[in-house]
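Student: turn this into a structure:
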Amino acid sequence: MLKQLPEFKDAEIVRTRDNRKLDECDIVVDVGSVFDHDKKRYDHHQREFTDTLYSLRPELGDKYKIKLSSAGLIYTYYGEKVLQQLAPKEVPLSAEDLRTIYKKVYENFIEEIDAIDNGVPMTDEEPRYKIRTHLSVRVGRLNPEWNTNQIINIDEVFEKAMKLVSEEFLYLVNYFISVWLPARDYVKSSLENRFQVHKSGNILVFNERFPWKEHLFDLETEMGIVNETKYVLFQDKPKSWRVQCVPVNPTSFITRKPLHPKWWGVRDDELSEVSGIDGCIFCHSTGFIGGNNTKEGALKMAVVSLEAKDQNK
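Tutor: Numbering: from 1, shown residues only. Coordinates of the predicted model:
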């Protein structure tokens, strides 16, 4: 992360625990038994260290309560500068987008490092299986095995580890800035214009097929309209539109309001006849998604389902 910043881009990395050498460094990370932001000392191994992202940046919210690693400390104080440095120069991040991306990168990358480095288990119960391919494991594999007879240059191994972690970090940042954020903006715009689709404001229309559930739940909370969206329309392929019911949470199979129960498991002309809507393609047997040849037809399926009083099959 520090190598992304102009002031440290060409800095020499000195790997040592010699306090005399550490005192000569511009910034010290993960060694030295000192945490002092003013002095640019960022170690987390001392007994009295208990800081979290929440304790140092309470304005970000109170859910970030895992003890920070040195990587977490660097991200806490320099993360926003790093993100701005990595963002496209022609479209710099706004303050709001920067804050959003900052939190997402922490949640999806840095927090894992903090937890593993500090021995924080993922669950209170014994996991049913173990993941052996996460970032820390892959870095660990670069170290020489205990019974190797090879002479290893540890500094070269460290450079390989930096390259491996850097590639993953840069990929994730680019994903959130270039892919994830535009999708969020798309969902937000659709929510703001939802009453143009239907007077209820319960139906959204997307002209693209993309991952939308996480954004929808986050934005509904931010906008104070939790549980209002019932259906999402999107084009699946030419001459094929889908109407999908919004689940009660992003990973649930239970929906806020399923499609009309009389349609479940019915297809094609039979479905068009039962529904009174031309161009129907199908309705899933559980009523969570259906299809129509046209956008107008899919919208009618959503509206009829929304207005259906009896949801019992």
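
Student: give me the most central residue, this structure.
Tutor: K104 (5.2 Å; CA atoms, centre = their mean).

Student: skipping adjacent residues, who's closest to that residue in space?
Tutor: F176 (5.2 Å; CB to CB, 6 or more residues apart in numbering). Backbone N, C-alpha and C define where each C-beta goes, glycine included.

Student: helix/strand/coil for that neighbour?
Tutor: Secondary structure state of F176, per DSSP: H, G, I helix; E, B strand; the rest coil, is helix.

Student: do G32 as well
Tutor: coil.

Student: so what pLDDT did it get?
Tutor: Residue-level confidence at G32 comes out at 97, pLDDT.

Student: quick check, it in contact with H44.
Tutor: No. Applying CB atoms under 8 Å as the test, G32 and H44 come out as separate, 10.6 Å apart.

Student: doesn't the residue nearest to the centre of the chain fall inside a strand?
Tutor: No. Counting by three-state DSSP, K104 is not part of a strand but helix.

Student: gap between it and E12?
Tutor: 32 Å (CB to CB, to the nearest Å).

Student: circling back: wouldn't the residue nearest to the centre of the chain be in contact with W180 here?
Tutor: Yes. With contact defined as CB under 8 Å, K104 reaches W180; the gap is 7.0 Å.

Student: I figured the residue nearest to K104 hits I101, correct?
Tutor: Yes. In this structure, F176 is within contact of I101 by CB under 8 Å, at 5.1 Å.

Student: tabulate the CA atom coordinates of stretch 85-98 in PDB.
Tutor: Extracted C-alpha coordinates of stretch 85-98, given in PDB (Å, rounded to 0.1, in the frame of the first residue of the first chain):
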ATOM      1  CA  GLN A  85      -3.900   7.300  -6.100                       C
ATOM      2  CA  LEU A  86      -5.200   4.100  -7.700                       C
ATOM      3  CA  ALA A  87      -8.500   5.600  -9.000                       C
ATOM      4  CA  PRO A  88      -8.600   6.800 -12.600                       C
ATOM      5  CA  LYS A  89      -7.100  10.300 -12.800                       C
ATOM      6  CA  GLU A  90      -9.700  11.400 -15.300                       C
ATOM      7  CA  VAL A  91     -12.600  10.500 -12.900                       C
ATOM      8  CA  PRO A  92     -11.400  11.000  -9.300                       C
ATOM      9  CA  LEU A  93     -13.500   9.600  -6.500                       C
ATOM     10  CA  SER A  94     -15.900  11.900  -4.800                       C
ATOM     11  CA  ALA A  95     -15.700  12.100  -1.000                       C
ATOM     12  CA  GLU A  96     -18.800   9.900  -0.700                       C
ATOM     13  CA  ASP A  97     -17.600   7.300  -3.200                       C
ATOM     14  CA  LEU A  98     -14.100   7.300  -1.500                       C
END
